[in-house]
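**Q** structure for the following, please:
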Amino acid sequence: MDLPHLLDQLDDDTLRDLADALALVVPDGAPTDAMRRHIAKSDVASLPAVLAALSRDALKALCKSVGLTVTGSGKGPYVKALADAVAKDGGTSARALVVEVQPRQPRLAWQGMDQHEAVTSVPTQVVEIVWPGRARALESDGKSAAQPSLLDANARAQGVGARARGAEAPNRLIWTNDNLVALQALLDERDPTTHAYRYRGKVDLVYIDPPFMVNTNFSGDNRITIDLDENAGIEATKEPSLVEFIAYRDTWRNGLDSFLVMLRRRLEMLKELLSPSGSIYIHLDWHAVHYVKVLMDEIFGSENFRNEIVWQRTSAHNDPKQFGRVNDRILFYVANKEDYSFNTVYGEYSQEQLSRYDSSDSEGRFTGRDLTAPGIRHGETGQPWRGLNPAASGRHWSRPPSELEELLAQGRILLKKDGTPRLDGLKVYLHQGWRINSA
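**A** Here you go, the predicted model:
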């Protein structure tokens with residue numbers, strides 16, 4: 001049993017009264033099912049809010065329809081009985097789901113997908129402030145970086161305004177037992193002077209490493225050893241309590257359903273924080289990555305998917321009757337595929353790679369790289385250039401013709417004996433580094 005299941009029991013008039021009590025706008029003539037979905041998807045329609053908004057008669061009829069026998073006066077007994085029933089059932093029930101699916105945009109469907117965790121923004125309390133630029137300046141002057149007070153009263157009075165002061169912004173480390181609270185705090189935080197949002201739509205890079213949905217609790221060695229008598233070698237060890245022993249929980253009452261409910265809400269909030277040129281990376285493994293890929297397509301847009309980065313762990317696996325599961329995945333999405341920041345990643349050269357730089361000029365050793373990329377394009381990169389048509393080989397230019405002309409003028413493109421460009425003629429120098437272009 002869950003909130004949508006309870007809403008299914010309400011008639012048209014009760015649903016409209018509920019929508020009015022929750023200050024929700026429902027179009028006149030809206031079908032009953034549409035009203036139910038509209039209320040269920042609303043951020044204000046939490047279970048406590050809905051039960052508080054219903055009349056005693058509506059609560060009594062609702063208890064009867066779900067098979068609950070309640071005695072007592074007032075609304076209290078009915079509210080408690082319904083809340084207890086939902087909690088006892090884990091907040092879920094088997095029921096039909098209605099999912100709107102647009103052409104060429106497949107979606108996941110799971111029990112609880114129309115639920116939203118209620119979260120209240122909690123004001124953050126400053127514990128300490130560290131100015132990285134100021135600390136480095138002191139170090140360069142030969143002074144101790146520990147000299148300035150971590151609790152800079154003047155900075156606290158002005159708020160976190162490092163950029164306005166011409167210094168580097170301090171790190172924002174938020175301690176909370178639920179990152180949903182931290183995300184809501186970041187979304188709601190405003191500049192005390194301009195009242196503009198500080199972080200909403202301004203975060204350039206997000207990396208998250210959520211639980212992998214392995215249905216296991218992970219522990220940590222939090223024992224503390226205390227020297228009672230160093231000369232005699234006498235020590236005391238404080239064993240961790242049960243709370244201290246568990247590092248984090250990765251168990252889910254309703255399996256994948258509960259996991260996706262948790263993750264979707266947080267991904268939606270992260271999208272609100274992401275800047276127009278921002279990127280997001282999410283680290284997972286085989287347990288849930290394929291489901292989350294479809295979920296990310298829905299939230300961030302399948303067109304904004306950039307890479308599925310596969311990285312192999314160093315430890316060997318000996319899995320019987322199957323290939324070893326030795327890699328994790330990182331999904332890479334951007335806010336806008338047409339305009340996002342990406343810094344080229346370089347790695348160490350292998351001996352085989354070094355052997356390819358077999359030519360040299362005044363700038364150093366170089367090799368030739370492909371000027372084209374797979375696939376036919378109908379824009380400017382698919383048109384002939386300098387007498388060469390990449391479409392004839394099922395390819396297109398890797399750069400617009402205007403950039404190719406600039407490279408040619410700079411002497412960065414190798415030519416054939418007849419003066420035409422070589423398709424593998426992009427000069428790449430050894431000192432430019434090896435770009436990691438596959439993951």
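**Q** biggest helix in this structure by residues?
**A** What stands out as the longest helix in the chain, according to DSSP state H, is helix 256-273.
**Q** my read is residue 360 is in a strand, agree?
**A** Yes: assessed by DSSP: H, G, I helix; E, B strand; the rest coil, residue 360 belongs to a strand.
**Q** same question for the longest helix of the chain: list its buried residues.
**A** For helix 256-273, the neighbour count (16 or more other C-beta atoms under 10 Å) marks 256-267, 269-271, 273 as buried. For glycine as for every other residue, the C-beta is placed from the backbone atoms N, C-alpha and C.
**Q** over to stretch 112-124?
**A** Applying 16+ other C-beta under 10 Å to stretch 112-124 flags 112-116, 119, 124 as buried.
**Q** can you give the contact residues for stretch 68-81?
**A** The contact list for stretch 68-81, computed with C-beta atoms under 8 Å, 6 or more residues apart in numbering, reads 51-52, 54-56, 59-60, 62-63, 82, 85.
**Q** run through the strands of the stretch 301-439 of the chain in chain order.
**A** 305-312, 327-334, 346-347, 359-361, 364-369, 372-374, 395-397, 413-415, 421-429, 434-435 (DSSP state E, counting those that start in this stretch).
**Q** out of those, deepest packed?
**A** Compared across the strands of the stretch 301-439 of the chain, strand 395-397 shows the largest average neighbour count, a mean of 21 (mean count of other C-beta atoms under 10 Å).
**Q** contact partners of that one?
**A** 371-377, 381-382, 385, 390, 404.
**Q** which among those gets closest to residue 298?
**A** Closest approach between the contacts of strand 395-397 and residue 298, by C-beta to C-beta: residue 375, at 25.9 Å.
**Q** returning to that earlier point: dump the strands of the stretch 301-439 of the chain to TSV, plus mean pLDDT and distance to residue 74.
**A** Formatted as TSV, the strands of the stretch 301-439 of the chain follow (pLDDT from 0 to 100; distance: least, C-beta to C-beta, whole Å):
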stretch	mean pLDDT	distance to residue 74
strand 305-312	91	53
strand 327-334	95	50
strand 346-347	74	69
strand 359-361	89	89
strand 364-369	90	78
strand 372-374	91	71
strand 395-397	93	73
strand 413-415	93	84
strand 421-429	90	78
strand 434-435	63	70
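**Q** quick one, which of the ones you listed is nearest to residue 213?
**A** strand 327-334 (13.1 Å).
**Q** strands paired with the closest one, and their directions?
**A** When pairing is defined by DSSP bridges, strand 327-334 lines up against strand 274-284 (antiparallel), strand 305-312 (antiparallel).
**Q** pull the CA atoms of the shortest one into CSV?
**A** The C-alpha coordinates for strand 305-312 follow below in CSV (Å, rounded to 0.1, in the frame of the first residue of the first chain):
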residue,chain,number,x,y,z
PHE,A,305,24.9,11.1,-23.4
ARG,A,306,28.6,11.3,-24.2
ASN,A,307,30.3,8.1,-23.0
GLU,A,308,30.1,4.9,-21.0
ILE,A,309,33.5,4.8,-19.5
VAL,A,310,34.6,1.2,-18.6
TRP,A,311,37.6,0.9,-16.3
GLN,A,312,39.0,-2.4,-15.2
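**Q** chain center to that strand: distance?
**A** Taking C-alpha atoms, centre = their mean, to the nearest Å, one finds strand 305-312 lying 14 Å from the centre of the chain it belongs to.
**Q** one more: the longest one?
**A** Averaging C-alpha positions (C-alpha atoms, centre = their mean) puts strand 274-284 6 Å from its chain's average.
**Q** C-terminal to the lowest-mean-pLDDT helix or strand in the chain, what's the next element?
**A** Lowest on mean pLDDT, DSSP states H and E among the helices and strands of the chain sits helix 153-158, with a mean of 40. Sequence order places helix 179-188 as the next helix or strand after helix 153-158, per DSSP states H and E.
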